[in-house]
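S.K.: Build me a structure from this.
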Amino acid sequence: MSANIDNRNLNLWLSNNPNLPTHIGIIMDGNGRWAKKRRLPRIAGHNAGIDSVRDIVEACGEIGVKVLTLYTFSLENWKRPKKEVSALMKLLVTTLNREIKELMRKNVRITCIGELEDLPEMTRFSMMEAVEMTKNNTGLTLNLALSYSSRKEILTAVKRIAEDVLAGKITPEEINENLIGMSLQTSDLPDPDLIIRTSGEFRISNFLLWQIAYAEIYVTKTLWPDFRRSDLYEAIANFMKRERRFGMVTEQLYSKTTLQET
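M.R.: Numbers count the residues shown, from 1 in each chain. Coordinates of the predicted model:
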């Protein structure tokens, strides 16, 4: 990808590329470190991160990414200082109220996954209102993971399947990968093709563990408040260079592609 391609031509090139990832998940890390480097309170980093969210959502919509899942707040994040958690919940409400008109204008559909009953009443209300307002939009699906734990999600799915077995609705022999996938909160979404983690940390942090079985992982040292569409494009370009074999060898992959083309 040429470095001198302007954003408009780059958007056009990406949007017409058949290897564009359908679903991108982002672990937005580094807000606290961004603030600490500037001797600011941690919430300043979270505030600055909103600009990154806005730019990445806009870029994904423009190039034709179908789903963007943002790891917004994990179930484990409730362990953080109460003052920071409270400020984050208020920030989410403020951001949703401020951005909802623009999201509607850009045809963005908002969905969410996680233990939403854990959220403060006002935060949960604002979230559900945004979901309801955008439910008929047909552009980018912006999926927010809030109070989210992949282990909890899988555990809940397993319990639900076990209850169906006990009730005689299904037999143990009918339990397969497809059934488990359909029992997860992301059942109406394609699995992620690309997972991006900012701030240089090499871990998944309990994010979409089942769904990312064959996702490509891209790690950047850029802190989330500094992450912009140029960084996103770099991650996508890196993704497009990779050979996704899904357990096959290269020769099988090319043989399969040739058969599909003929």
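S.K.: ok, now which ones touch the residue nearest to Thr111 when sequence neighbours are not counted?
M.R.: Nearest non-adjacent residue to Thr111, counting by CB to CB, 6 or more residues apart in numbering: Asn143, 4.8 Å away. Every C-beta, even on glycine, is put in place using the N, C-alpha and C of the backbone. Asn143 sits next to Val67, Leu68, Thr69, Leu70, Ile110, Thr111, Cys112, Ile113, Thr186, Leu189 when contact means CB atoms under 8 Å, 6 or more residues apart in numbering.
S.K.: How many neighbouring residues does the third one have?
M.R.: A count of nearby residues for Thr69, using other CB atoms under 10 Å, gives 26.
S.K.: looking at this, it is in a strand?
M.R.: Yes: Thr69 sits within a strand when classified using DSSP: H, G, I helix; E, B strand; the rest coil.
S.K.: Wait, it touches His23, no?
M.R.: Yes: with contact defined as CB atoms under 8 Å, Thr69 reaches His23; the gap is 7.0 Å.
S.K.: shared neighbours of these two, which are they?
M.R.: The contact sets of Thr69 and His23 overlap at Leu189, Pro192 (CB under 8 Å, 6+ apart).
S.K.: Dead centre of the protein: give me the residue that sits there.
M.R.: Residue closest to the average C-alpha location in the chain (CA atoms, centre = their mean): Thr69, at 1.7 Å.
S.K.: if you go through the chain in chain order, where are the helices?
M.R.: For the chain, the helices defined by DSSP state H cover 7-15, 31-37, 42-63, 82-105, 121-134, 150-166, 177-182, 229-241, 250-261.
S.K.: Could you give the average pLDDT over the first one?
M.R.: Spelled out, it's helix 7-15. Helix 7-15 carries an average pLDDT of 72.
S.K.: Now tell me which helix or strand of the chain has the poorest mean pLDDT.
M.R.: Ranking every helix and strand in the chain by mean pLDDT, DSSP states H and E puts helix 250-261 at the bottom, with a mean of 57.
S.K.: Pull up the per-residue confidence for the nearest residue in space to Phe227 that is not next to it in sequence.
M.R.: Nearest-residue entry for Phe227: Ser52, 4.8 Å, with adjacent residues in sequence omitted and distances by CB to CB, 6+ apart. On the pLDDT scale, Ser52 is placed at 98.
S.K.: In CSV, could you pull the C-alpha coordinates for stretch 115-124?
M.R.: The C-alpha coordinates for stretch 115-124 follow below in CSV (Å, rounded to 0.1, in the frame of the first residue of the first chain):
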residue,chain,number,x,y,z
GLU,A,115,-23.9,-8.1,31.8
LEU,A,116,-26.0,-5.0,31.2
GLU,A,117,-28.0,-5.5,34.4
ASP,A,118,-24.8,-4.5,36.3
LEU,A,119,-24.8,-1.0,34.8
PRO,A,120,-26.2,2.0,36.7
GLU,A,121,-29.8,2.7,35.8
MET,A,122,-29.1,5.8,33.8
THR,A,123,-26.3,4.2,31.9
ARG,A,124,-28.4,1.2,31.1
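S.K.: from here on, count from 17
M.R.: OK, 17 is where the count begins now, so the last one is stretch 131-140.
S.K.: Pull out the buried positions in that stretch.
M.R.: Glu131, Leu132, Leu135, Thr139, Arg140 (16 or more other CB atoms under 10 Å).
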